[in-house]
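Undergrad: Provided below for reference: sequence and predicted model.
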Amino acid sequence: MRTVQHWPPSCGDVAKMEGIRDGSLDFVHASHTLATQDNPQKVLARWLDLLKLGSYAIVTVPNEDLYGKGE
(Lines give C-alpha, C1' and ligand atoms only; values in the text may rest on other atoms or scores of the structure.)
Protein backbone atom coordinates (compact mmCIF):
# COMPACT_ATOMS: atom_id res chain seq x y z
CA MET A 1 0.00 0.00 0.00
CA ARG A 2 1.49 3.31 -1.09
CA THR A 3 -1.29 5.82 -0.56
CA VAL A 4 -4.61 6.30 1.16
CA GLN A 5 -7.34 8.16 -0.71
CA HIS A 6 -9.99 10.03 1.24
CA TRP A 7 -13.27 10.40 -0.70
CA PRO A 8 -15.12 13.51 0.49
CA PRO A 9 -18.42 14.51 -1.16
CA SER A 10 -16.53 16.95 -3.40
CA CYS A 11 -14.87 13.95 -5.11
CA GLY A 12 -18.23 12.74 -6.42
CA ASP A 13 -20.75 9.98 -5.95
CA VAL A 14 -19.58 7.07 -3.77
CA ALA A 15 -21.75 4.77 -5.89
CA LYS A 16 -19.58 5.55 -8.92
CA MET A 17 -16.16 6.58 -7.55
CA GLU A 18 -15.13 7.67 -11.02
CA GLY A 19 -11.42 7.87 -11.63
CA ILE A 20 -10.56 4.77 -9.61
CA ARG A 21 -9.93 1.61 -11.62
CA ASP A 22 -11.64 -1.67 -10.81
CA GLY A 23 -9.37 -4.06 -8.93
CA SER A 24 -6.94 -1.32 -7.88
CA LEU A 25 -7.53 -0.90 -4.13
CA ASP A 26 -5.99 -2.81 -1.23
CA PHE A 27 -8.93 -1.97 1.03
CA VAL A 28 -12.07 0.12 1.35
CA HIS A 29 -13.02 1.56 4.72
CA ALA A 30 -16.39 3.24 5.20
CA SER A 31 -17.93 4.38 8.45
CA HIS A 32 -21.68 5.17 8.47
CA THR A 33 -21.62 5.93 4.74
CA LEU A 34 -24.03 3.22 3.59
CA ALA A 35 -26.74 4.44 5.98
CA THR A 36 -27.10 7.67 3.99
CA GLN A 37 -27.22 6.13 0.51
CA ASP A 38 -30.37 5.73 -1.59
CA ASN A 39 -29.11 2.40 -2.95
CA PRO A 40 -26.61 0.90 -0.47
CA GLN A 41 -26.45 -2.40 -2.42
CA LYS A 42 -25.21 -0.54 -5.51
CA VAL A 43 -22.63 1.36 -3.48
CA LEU A 44 -21.31 -1.78 -1.79
CA ALA A 45 -21.14 -3.60 -5.14
CA ARG A 46 -19.08 -0.75 -6.58
CA TRP A 47 -16.69 -0.81 -3.64
CA LEU A 48 -16.21 -4.56 -4.05
CA ASP A 49 -15.43 -4.02 -7.75
CA LEU A 50 -12.67 -1.60 -6.79
CA LEU A 51 -10.86 -4.11 -4.58
CA LYS A 52 -7.92 -6.22 -5.63
CA LEU A 53 -8.45 -9.98 -5.33
CA GLY A 54 -8.02 -10.94 -1.67
CA SER A 55 -8.45 -7.38 -0.37
CA TYR A 56 -10.86 -6.19 2.31
CA ALA A 57 -13.93 -4.00 2.64
CA ILE A 58 -14.28 -2.68 6.19
CA VAL A 59 -17.77 -1.24 6.52
CA THR A 60 -19.33 0.12 9.70
CA VAL A 61 -23.04 0.91 9.81
CA PRO A 62 -24.91 2.62 12.66
CA ASN A 63 -26.87 0.59 15.17
CA GLU A 64 -30.46 1.48 14.28
CA ASP A 65 -31.59 1.18 17.92
CA LEU A 66 -28.97 3.66 19.11
CA TYR A 67 -29.71 6.12 16.31
CA GLY A 68 -33.49 6.18 16.76
CA LYS A 69 -34.44 4.24 13.63
CA GLY A 70 -35.15 0.91 15.28
CA GLU A 71 -38.63 -0.38 15.97
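TA: Received, thanks.
Undergrad: List the residues that contact residue 44.
TA: 34, 57, 59 (C-beta atoms under 8 Å, 6 or more residues apart in numbering). (Glycine included, C-beta is placed from N, CA and C.)
Undergrad: one more time with 7 Å
TA: residue 34 (C-beta atoms under 7 Å, 6 or more residues apart in numbering).
Undergrad: That one belongs to a strand, doesn't it?
TA: No - going by DSSP: H, G, I helix; E, B strand; the rest coil, the assignment for residue 44 is helix, not a strand.
Undergrad: Show me what counts as buried in stretch 58-71.
TA: When burial is assessed from 16 or more other C-beta atoms under 10 Å, stretch 58-71 yields the following buried residues: residue 59.
Undergrad: distance between stretch 51-64 and the chain's centre?
TA: A distance of 7 Å separates the centroid of the chain from that of stretch 51-64, by C-alpha atoms, centre = their mean, to the nearest Å.
Undergrad: Would you mind pulling the contact partners of it?
TA: By C-beta under 7 Å, 6+ apart, stretch 51-64 touches 23-32, 34-35, 47-48, 70.
Undergrad: closest to residue 13 among those?
TA: residue 47 (12.2 Å; C-beta to C-beta).
Undergrad: gap between the closest one and residue 59?
TA: From residue 47 across to residue 59, the span is 8 Å (C-beta to C-beta, to the nearest Å).
Undergrad: ok, back up a step: give me the buried subset of the contacts of stretch 51-64.
TA: Buried among these (16+ other C-beta under 10 Å): 25, 28, 30, 34, 47.
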